[in-house]
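**Student:** structure of the sequence below:
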Amino acid sequence: MTTFEPALIAVGFFAGVCNALVGGGTLFTFPVLIAAGVPPVLANTTTTVALLPGTITSAFTWLPELPYVKHGLPLRIAIALGGGLLGAALLLWSGNSVFFFVVPWLLAAATILFTFSRIIVKSVRTAAKGKNAWGARALEFVTAVYGGYFGAAIGILLIAAMAIAGQQDMRSINAQRNFLVVFINGVAAVFFIVRGAVDWPVALVIMIGAILGGYAGARLARYLPDLWMRRIVTAAGAFFSVYYFVKAYV
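**Tutor:** Residues are numbered from 1 along each chain as shown. Have a look, this model is predicted:
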C-alpha cells in the first residue's frame, strides 16, 4: 500500500461519516482528489462512483417510508434518470478545460446550499404557499442535471422541490431524497463507468473508507451534535472554494 492510499481511506471515511450525519461528503473527496493531482473531471466522476454504495445503503434504510408516496414515483424516477444522464454527459463533453473554471463556482454554490439549507427550505416552503407539483418536478429535473454534472448538495435542492410540492413530513421527505439521489448518482456512475472515465484504484480505496465511515457515522449520530459536523463541512467547503477561485482566476 502506498502512502497515498491511507490518506484516501481517511478522506473516504470522513466523507462517509459526513454523509451519514449531515451530508456534504463530496465537498471533501472532490477537492482532495484535485489537490492530489487527479484531473478535475476524473476527480468528479471517481467521487460519484466511490460514494455510490454509501448512498444506496442510506436509501435502503428509508424504504419503509416510500409506500406513502409511491403513486408519483415512476415519473420522478424517470426525471431523475433523464436529468442525471444529461448532467453526466455534459460533464464529459465540457472536459477539464471548462470544468476547471466552473469548479470554484460549483464548490461555492454547494457550500452555500449546504450551510443555509434550513433557511432555504423554509423560505421556499413559505413562498410556495400550497402545492405546485409541476414546479416541483421541474426543480427535480434541474437538480438531477446538476447532480449528474457535479452532485454536491443535491439533497437540499430535492428537499426544496418537495417543499414546493407542499410536503411536510420530514421522514417521508428524507426517504424520497435518498431514494432519488440513488437514481441520479447511479445513472451518472454507470455512464462514467461505461465511458471508462473512472480512476478505479482511487475509487475503490475511497469506497472502502466511505463504507466504514457511513457505518461509524450512523452510530455517532446518536451522540455527536450535527452542528459540529455542519460547521466542519462549511469551513472545508469555504476553504476549497476560495483556494480554487485563486487557482483558476488569479
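**Student:** what's the spacing between the spatially closest residue to N132 that is not a sequence neighbour and L86?
**Tutor:** Nearest residue to N132, sequence neighbours excluded (C-beta to C-beta, 6 or more residues apart in numbering): I164, at 5.1 Å. Placement of C-beta: from N, CA and C, glycine included. In this structure, I164 and L86 are 21 Å apart, going by C-beta to C-beta, to the nearest Å.
**Student:** for the two, indicate the residue with more neighbours.
**Tutor:** A count of neighbours by other C-beta atoms under 10 Å puts I164 above the other of I164 and L86, at 24 against 18.
**Student:** correct me if wrong: that one contacts G135.
**Tutor:** Yes: using C-beta atoms under 8 Å, I164 is in contact with G135, at 5.0 Å.
**Student:** quick one: low-confidence ranges for this protein?
**Tutor:** 1-4, 21-22, 125, 127-131, 218, 221-222, 224, 226, 229 (pLDDT under 70).
**Student:** look up how far V250 lies from R230.
**Tutor:** According to C-beta to C-beta, R230 and V250 sit 29 Å apart.
**Student:** who has more neighbours out of these two?
**Tutor:** Legend: neighbour count by other C-beta under 10 Å for R230 and V250, higher for R230 (19 against 5).
**Student:** got the phi and psi for G166?
**Tutor:** phi 90, psi 10 (degrees, to the nearest 10).
**Student:** I figured it hits G135, correct?
**Tutor:** No: with contacts counted by C-beta under 8 Å, G166 stays clear of G135, the gap being 10.4 Å.
**Student:** which parts of the chain are strands?
**Tutor:** In the chain, no strands are defined using DSSP state E.
**Student:** tell me where it has helices.
**Tutor:** Applying DSSP state H to the chain gives helices spanning 4-21, 26-35, 40-61, 73-115, 117-128, 133-149, 154-164, 170-194, 200-220, 226-249.
**Student:** dump these to a markdown table, plus distance to P67.
**Tutor:** Below are these laid out as a markdown table (distance: least, C-beta to C-beta, whole Å):
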| stretch | distance to P67 |
| --- | --- |
| helix 4-21 | 24 |
| helix 26-35 | 30 |
| helix 40-61 | 14 |
| helix 73-115 | 10 |
| helix 117-128 | 24 |
| helix 133-149 | 19 |
| helix 154-164 | 16 |
| helix 170-194 | 10 |
| helix 200-220 | 23 |
| helix 226-249 | 28 |
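**Student:** so who does V98 touch?
**Tutor:** Counting by C-beta atoms under 8 Å, 6 or more residues apart in numbering, V98 makes contact with nothing.
**Student:** measure it to Y149 for me?
**Tutor:** According to C-beta to C-beta, V98 and Y149 sit 11 Å apart.
**Student:** next one: G95
**Tutor:** G95 sits 13 Å away from Y149, going by C-beta to C-beta.
**Student:** who has more neighbours out of these two?
**Tutor:** Between G95 and Y149, counting by other C-beta under 10 Å, Y149 is the more crowded of the two (22 against 12).
**Student:** and for the spatially closest residue to that one that is not a sequence neighbour, the neighbour number?
**Tutor:** Leaving out its chain neighbours, the residue that sits closest to Y149 by C-beta to C-beta, 6+ apart is G87, at 3.8 Å. By other C-beta under 10 Å, 24 other residues sit near G87.
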